[in-house]
Every structure is written in C-alpha cells, then in structure tokens.
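Novice: quick one, structure for this:
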Amino acid sequence: MLLPGRTLPLGPGTFRALRHRDFRLLWLGQLVSLTGGWMQSAAQGWLVLRLTDSALYLGVVGFCNFAPILVGSLPAGVVADRLDPRRTLLALNALATLNASALAVLTATGRINLPAVALIALIGGSVSAFEIPVRQKFLLDLVGRDDLANAIALNSLAFNGARLIGPSIAGVVLAAAGEAACFAANAASFGAVLLGLFALRTRPDRSAHGEESWTAGIRRGLAYARGSRRVRVLLALVIVSGLFGLPYNVLLPVFARDVLKVGESGLGFLMGASGLGAVIGALYLAGRTSHRRSGPVVATAIALFGLGLIGLGLSRSFALSLACLTVVGFAMIVQMATSNTLLQLNAPPEMRGRVVSLYLMAFAGSAPFGALFGGALARAVGAPAAVIAGGTVCLAAAIWLFTRIPEMRRSAAAADETPR
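Specialist: Sure thing, here's the model as predicted:
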C-alpha cells in the first residue's frame, strides 16, 4: 500500500455518509456546481492568457481569486459558528450565480477586459471565503460525528471528481464555443446546489453558540490555534504546500500552450489529470477505517506532492506530464483532507467553524501569494523551473516532518493538548 493507514476495499462503506438524506442532497448539488466551477476556472485561465499573453497576469488573477480568503476567513469562521447555515449558504450561492452570470455576459458581448476578470475573481473569492467554513461546519449536523471523516472525504471526492470532469468538458467547449459558454454553464450549475439547500430538513445544532463579541470570537479562535502544537504544525504545512506547491495550477495554461504545445483541449486534460489523482486520493481516504498514524500519511503525501511537481517541471512529454499531475492531485488531496479531518475531529464543537476557517486561511489564503510568486518566478526563469522550485520546497518540508514525527508522538502521549 502506498500510504500508511488501514483502508477498506472500495465498497458501500466507502460512501457511508451518503446514507444521510440531507448530506446526499447537498453533496449531489455540490458535485454539479463544482463541475461548473472547474469549467469556469479552466476557461478563465485561457481567457487571461488570450487577453494578456502573460504568465504574470495569470498569477495576478489567481491572487484575486484567493486573496479574500486570507482577509475574510476568520470573520467567516465566526459566521459559521453563529448564523443559520442553510440560509447563509442559500444567500452566498445566489450571489455566486449572479457573479458567474456577469462574467458570461461580459465575455459574450466582447466587453471583457483584465480589470473586469480580476474584479469578478475577487467577488468569487469573497463568496468562497464565507461559503466553505459554513458548509464544512454544517457537515457535523448533517452526518454526525461518526461519519464526519467520511463526509469530509466524500466532499473532497466531489470537489476533485468535478475537477476531473469540469476541465475536460471545458477543453471541448472552449474549442467549440469559447470562454463565455463555460462561464454560462457555471452560472447554470448553481441551480443544483440551490435546489438541494431548499430541500434540506436538518436543523443545525445551536446549543454551543455563545454570547461573546465577534472580535472576541476571532481572538478565541487564534488562541486555540496558538495553544495546540498539532494545529500549528498542520496549518504550517498547509501553508507551505499552498505557497510553494499550488502555483503549478495557475501556470498550467503556459505548460499547455508553450511547453507541451497541446492547446485548449490539452489544458483540459492536464487539469483533469490532477483531478483524477485527487479522486483516487479521496477514495483512499473514504475507505480508511482508522485515523491513527495520520502523521506519516501527511508526511508521505507532501513528499509525493513535491516529487510530482519536480517531475512535471522536468517533463516535455504530454503523457508523462499527465502522470505527474495525477500524482500531484492524489498527494495534495490526501494531505489537505487528512489535515482538515484531524483539525475538525480534535476541535471543541463550539470552535469547529473557526478551526475550519483557520485551515481555509492557511490553504487558500496562502495561494494568492503563491500565485503571485509563481507567476513572477515563471516570468523570470520559466514555468518549468518555477514548478521545480516549488516541488523542492515541499519535499524539504516532508523530510522535516518525518524527522519530527517521533518527537510529536512522545509529546502527545505525555500531555493532552487543550485550548488555552
């Protein structure tokens, strides 16, 4: 077996969280919506490259996509712990529908330009900054504690299944109908998640909601993270992967056009290969029966992530690049979903929304700076060298974690970590 940890063969137990009706409705709606979102992501990168012919501006738009998460994650965590999740998710997904529709109309009428793309990306990132913590916190209400880890894995499966399907469809649609058709498909896809939310019956648990102020709620979340070594290490490693590893994603249009010379349809397959690996990783996680030895799982995943990126940077073969991206997708989702599960399962119930927001801030909040760094480095030394540099940093982080695992186990056995 590639990674440590006990797993079940693929079977009904792998999808056990789907036995909960409301989770099943939300999951299916998200699967459709996320497919549209990945179509838009692929088409947006191609549009920016067409408008600017610049890897740097791909990084700038990537920054706009993720920067709101860095700013808004902590307030979003308090929102997730306080407000009704169903109503909040309905409002946020309605706003996302309007945002995608605006991008489709501007592109179809020829009025689109780089500032407009950047603004729409900024609005979309702001919606995501609030939507993701609310949805993740809602999972416990939908499936209960026993199925929470499986629900997180299945959410990752939906996200990355869409990542596999969406860009592949987008490659065909881009070649046949242009970017606007992809943006319109994304706007329409939000209808599935809105219908699912309207049909939910679950009432959220509000018993853990306190009376502290919003600023006090944010300070308490930060104090919890500072007081837990496990939280600090997991978040630090997520930041490393987001800052140095994830920029490969915004540089894929450059690989498709200039390095591998496979055009729009090739870009869809490159993004889809990463999604395929992530689907395999999510299935691996869904089949795990124990979350012991999760430290080695995270360390091995980061090492594979770094090696896959180095291979991508060195490759000039389309087939080899697809294989490397499959490894990258697998490793990324195993690291991120395992970290997310550990953080949520060990957090007090009243802190879970803020813990998710801290994870999101570490993951997606580091991505805008990674996108800028990757775009600037690619402009200076080329996209392949930039990706190799990021993979080397991730590999070094994995080696560091492997050397610290025994010490962390001894520390965990000696004292039970509690929020301070």
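
Novice: show me where pLDDT drops low in the stretch 301-420 of the chain?
Specialist: 349, 365, 405-420 (pLDDT under 70).

Novice: what about the helices in it?
Specialist: 318-346, 352-381, 383-414 (DSSP state H, counting those that start in this stretch).

Novice: and for the stretch 151-300 of the chain?
Specialist: 179-198, 214-227, 229-240, 252-254, 263-286, 294-314.

Novice: pull out the buried residues from the third one.
Specialist: Applying a neighbour-count criterion of 16 or more other C-beta atoms under 10 Å, one finds 230-231, 233-235, 237-240 buried in helix 229-240. (Glycine included, C-beta is placed from N, CA and C.)

Novice: packing partners of that helix?
Specialist: On a contact count with 3 or more C-beta pairs under 8 Å, 6 or more residues apart in numbering; DSSP states H and E, helix 229-240 meets helix 214-227, helix 294-314, helix 318-346, helix 352-381, helix 383-414.

Novice: and that helix with helix 214-227, angle?
Specialist: Put simply, helix 229-240 runs at 100 degrees to helix 214-227, going by axes from the mean of the first three to the mean of the last three C-alpha atoms, to 10 degrees.

Novice: for helix 229-240, C-alpha coordinates in PDB please.
Specialist: Output of helix 229-240 as PDB, limited to C-alpha atoms (Å, rounded to 0.1, in the frame of the first residue of the first chain):
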ATOM      1  CA  ARG A 229       1.100  22.200  18.700                       C
ATOM      2  CA  ARG A 230      -0.800  19.800  16.400                       C
ATOM      3  CA  VAL A 231      -2.800  22.600  15.000                       C
ATOM      4  CA  ARG A 232       0.200  24.800  14.500                       C
ATOM      5  CA  VAL A 233       2.200  22.100  12.600                       C
ATOM      6  CA  LEU A 234      -0.700  21.100  10.400                       C
ATOM      7  CA  LEU A 235      -1.500  24.600   9.500                       C
ATOM      8  CA  ALA A 236       2.200  25.500   8.800                       C
ATOM      9  CA  LEU A 237       2.500  22.500   6.400                       C
ATOM     10  CA  VAL A 238      -0.700  23.500   4.600                       C
ATOM     11  CA  ILE A 239       0.800  27.000   4.200                       C
ATOM     12  CA  VAL A 240       4.000  25.600   2.700                       C
END
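
Novice: next, residue 59: phi, psi?
Specialist: When read as degrees, to the nearest 10, the backbone of residue 59 gives phi -70, psi -40.

Novice: ok, for it, nearest residue in space, not its chain neighbours?
Specialist: residue 375 (2.2 Å; C-beta to C-beta, 6 or more residues apart in numbering).

Novice: quick one, what contacts the one you found?
Specialist: Residue 375 makes contacts with 55-60, 62, 247, 250-251, as judged by C-beta atoms under 8 Å, 6 or more residues apart in numbering.

Novice: export these to a markdown table and tack on pLDDT, neighbour count and distance to residue 98?
Specialist: Shown next, in a markdown table, are these (pLDDT from 0 to 100; neighbours: other C-beta atoms under 10 Å; distance: C-beta to C-beta, whole Å):
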| residue | pLDDT | neighbour count | distance to residue 98 |
| --- | --- | --- | --- |
| 55 | 72 | 24 | 30 |
| 56 | 78 | 15 | 29 |
| 57 | 84 | 19 | 25 |
| 58 | 81 | 28 | 25 |
| 59 | 77 | 27 | 26 |
| 60 | 84 | 22 | 23 |
| 62 | 78 | 29 | 22 |
| 247 | 84 | 29 | 29 |
| 250 | 81 | 29 | 25 |
| 251 | 87 | 28 | 30 |
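
Novice: ok, so of these, who is nearest residue 74?
Specialist: Here the nearest of the contacts of residue 375 to residue 74, counting by C-beta to C-beta, is residue 62; it sits at 21.6 Å.

Novice: show the contacting residues for residue 315.
Specialist: Per C-beta under 8 Å, 6+ apart, neighbours of residue 315: 321, 324.

Novice: circling back to that earlier point, looking at the helices of the stretch 151-300 of the chain, which has the lowest confidence?
Specialist: Lowest mean pLDDT of the helices of the stretch 151-300 of the chain: helix 214-227, a mean of 74.
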